[in-house]
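> My questions are about this predicted structure, shown below with the sequence.
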Amino acid sequence: MKTSLSSTAPSSSTPPAKDVSKPSRRKASRVIESARLPDRIYEQILEQIISEKFAIGDRLPSENQLAAEYNVSRAVVREAFSRLIADEVVTSRQGAGTFVQRRPGREFLRLAPIGGVADLMRCFEFRIALEGEAAHLAAQRRTEEDMAAIDDAFAKLDEANSASEVGVQQDIDFHMTIARASRNQLFVQTLDALALHTSNGMNVTRRLSLTRHKRRLLLVQEEHRNVLETIRASDEEGARRAMRTHIDNARHRALGDSVEPESL
């Protein structure tokens, strides 16, 4: 006896199997929103410090109090605190609480991208590691052509400083020529992917420097010169240290500190 095909085929009314291999857009957006919560709390606390709701030396509300105020978990507040501590805006004292250590100027919030303060600061943090290694490799691998390109980028940055221009593009070009000299295309591609964040950070720090005495920009350029000369001397560790110091100083300058190179 022949078996009917219809008896083994699935019914046309049977609903198709649900594809569970990919999360729904709604679920993905919830995950992203959850990941952004510490950034949002970080920015709100920072804004309160800048607006002088909390003065230097004041103790911030506890994790429990802030969690209730912002309707988030203590873990979210704890992460926001850890980022503020990393930026040296607040300090934690065992058994006493968290205290305001520094108050960035109002200009910082005006110049920083709306809703992007946390991203801006994390970009500085990432660049310290990334560009420190790029400079290390550039000192090891650079050619005479690479050195000429770095010298040219430095000279153009000098011209921008002399003309009292913001010079963001010239600053970016200087850092990119060093990444190219590392002879590792991934450094170049990563810096290119970070271009928006890097540009925002440089715009803040360079504009803040322009609003102060011109000597501030000259000090920044001296940091660039230290990076350049250690690469020229093939001083790998010196180049790494000079670049890391420069970007860490830029991070402090973004928060309103006047960080001076020790050599000056």
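That came through, no problem. The structure displayed is predicted, hence computed values, not measured ones. Residues are numbered from 1 along each chain as shown.

> Using the three-state scheme, assign the spatially most central residue of the chain.
Against the mean C-alpha coordinate of the chain, by Cα atoms, centre = their mean, the closest residue is residue 123 at 1.3 Å. Under DSSP: H, G, I helix; E, B strand; the rest coil, the three-state class of residue 123 is helix.

> from memory it sits against residue 201, does it?
Yes - proximity of residue 123 to residue 201 meets the contact threshold set by Cβ atoms under 8 Å, at 5.8 Å. Any C-beta I mention is one placed from the backbone N, CA and C, and that applies to glycine too.

> Please point out which parts of the helix or strand hosting residue 196 sit buried.
Taking DSSP states H and E as the definition, residue 196 sits inside helix 195-210. Taking 16 or more other Cβ atoms under 10 Å as the basis for neighbour counts, the residues of helix 195-210 that come out buried are 197-206, 208-210.

> low-confidence ranges in the protein?
The model of the chain has pLDDT under 70 over residues 1-35, 113-115, 212-214, 256-264.

> try 80
Filtered on pLDDT under 80, the chain yields the residue ranges 1-36, 105-116, 209-216, 256-264.

> Specify the residue ranges that define each domain of it.
According to automatic domain parsing, the chain is divided into the following domains: 29-103, 107-254.

> Highest mean neighbour count out of those?
domain 107-254 (a mean of 18; mean count of other Cβ atoms under 10 Å).

> for it, the distance to its chain's centre please.
A distance of 12 Å separates the centroid of the chain from that of domain 107-254, by Cα atoms, centre = their mean, to the nearest Å.

> ditto for stretch 59-71
Taking Cα atoms, centre = their mean, one finds stretch 59-71 lying 26 Å from the centre of the chain it belongs to.
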